[in-house]
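Student: Got a sequence here, can you build the structure:
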Amino acid sequence: MTETADRLLDLAEARMCDAGYRGFSFRELAAEIGIKSASVHHHFPTKAGMAAAVARRYGERFFDLVGRRPGETADEVIAVYRSIFRGEIERDGRMCLNGMLGAEAGGLPAEVLEEIEIYFRRCIDDLSSRIGGPNAAERAFHVMAALEGGLILARAYGDISAFDNATASLTTPALAA
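Tutor: Got it, this is the predicted structure:
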C-alpha cells in the first residue's frame, strides 16, 4: 500500500470513529491531504471498499495489541481488552471503529458489514477461548457489550469515568463464575 493510501485510511478511520460511515467523503479526504478526489478513487474505487479496508486494518491492529500472553488468566485477558478500549476514548474521545459502524449496521454496504461481523466474531471467539470455563461464550459477549457500552456512556457523559464505572466489575469474582 502506498503512503497516500495509508494516509487516506488514517483520515477515514479518524472520521469514522468520530461520526460513523457517513462521517467522511472522498472529496473531504482529498482536500485534507491536497490531492484530487479522483486520486482517492484510484486507491479506493468505492467508499464501501475504503470503509471495509479501514475496518479490516483496525481489526488487525486490535488483535496484534490483544495477542495471547504466556500464562495469562481470564482476568488478565479481560484487562487487556479493557485497556485497549479505554485507550481509544481516553486518547482522543473516539469510539471503537467497529462499534461505531455496528450501530449503523442497518444502512451499511455488505462488504463493510462483513468486516464488522468478522471483527466481533473474532473478539468473541478470542475472549471465549482465553477466558475458558463453562460460560466462556456468555462472558465474552458480556465483556464486549460492557466495553462498547462503556465507550458510548463515556462519550455521552463527556467523562472517562463513565467507561470506568461501566466496566469496573468485568473481572470481579461474581462474573468469573
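Student: what sits against the residue sitting furthest away from the middle of the chain?
Tutor: Ranked by distance from the centre of the chain (Cα atoms, centre = their mean), the top residue is residue 36, with 29.1 Å. Applying Cβ atoms under 8 Å, 6 or more residues apart in numbering to residue 36 gives the contacts residue 30. Backbone N, C-alpha and C define where each C-beta goes, glycine included.
Student: go on, the one 5 residues further on?
Tutor: Contacts for residue 41 were tallied using Cβ under 8 Å, 6+ apart; they are residue 26.
Student: gap between it and residue 8?
Tutor: For residue 41, the distance to residue 8 (Cβ to Cβ, to the nearest Å) stands at 11 Å.
Student: same thing with residue 111?
Tutor: Counting by Cβ to Cβ, the gap from residue 111 to residue 8 is 17 Å.
Student: quick one: which of these two has more around it?
Tutor: residue 8 (26 against 15; other Cβ atoms under 10 Å).
Student: shouldn't residue 127 be in contact with residue 142?
Tutor: No - taking Cβ atoms under 8 Å as the definition, residue 127 is not a contact partner of residue 142, at 9.6 Å.
Student: of those two, who's got more company?
Tutor: residue 127 (22 against 15).
Student: What strand or helix carries the more buried one?
Tutor: Element membership of residue 127 [criterion: DSSP states H and E] is helix 110-131.
Student: show me where the protein has helices.
Tutor: For the chain, the helices defined by DSSP state H cover 3-19, 26-33, 37-43, 47-65, 74-92, 97-103, 110-131, 136-157, 160-167, 173-176.
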